[in-house]
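Undergrad: Requesting a structural model of the entry that follows:
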Amino acid sequence: MASECEGKSSWPELVGAQGEVAAETIKRENTCITIVDILLEGTIVTGDYISTRVRVWVDKNGIVVRVPIIG
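TA: The predicted structure follows:
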């Protein structure tokens with residue numbers, strides 16, 4: 001599905017970073033993003049697509065474990 005939000009749409013370089021740092025980086029690098037959810041790996045979420053949202057998946061130590069992408 002194509003993103004309606006122009007600009008950067010994925011952040012592979014943030015894998016291994018702290019979740020809070022990743023969230024701030026995402027907001028700074030793409031001003032279309034209005035929702036950045038930091039979620040513990042394994043959390044159940046809805047399957048809806050929101051072009052202005054990025055989910056940041058972290059482990060129990062708050063470290064990003066998946067590439068954050070728009071959706």
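Undergrad: can you pull out the strands in this protein?
TA: According to DSSP state E, the chain carries its strands in the segments 35-40, 53-58.
Undergrad: and of those, who's closest to residue 27?
TA: strand 35-40 (6.1 Å; CB to CB). Bear in mind the C-beta positions are built from the backbone N, C-alpha and C, glycine included.
Undergrad: which residues touch the closest one?
TA: Contacts of strand 35-40 with the rest of the structure, by CB atoms under 8 Å, 6 or more residues apart in numbering, involve 19-20, 22-23, 26-27, 45, 50, 52-60, 62.
Undergrad: ok, back up a step: right, so the strands of the chain: which one is the most enclosed?
TA: When these are scored by mean count of other CB atoms under 10 Å, the highest mean neighbour count falls to strand 53-58 (a mean of 21).
Undergrad: average pLDDT across it?
TA: Across strand 53-58, the average pLDDT comes to 98.
Undergrad: CA atoms only for it, dumped as CSV, please.
TA: What follows is strand 53-58, C-alpha atoms only, in CSV (Å, rounded to 0.1, in the frame of the first residue of the first chain):
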residue,chain,number,x,y,z
ARG,A,53,1.4,6.6,12.2
VAL,A,54,4.7,4.7,13.0
ARG,A,55,4.9,1.9,15.4
VAL,A,56,8.2,1.5,17.2
TRP,A,57,8.6,-2.0,18.5
VAL,A,58,10.9,-2.4,21.5
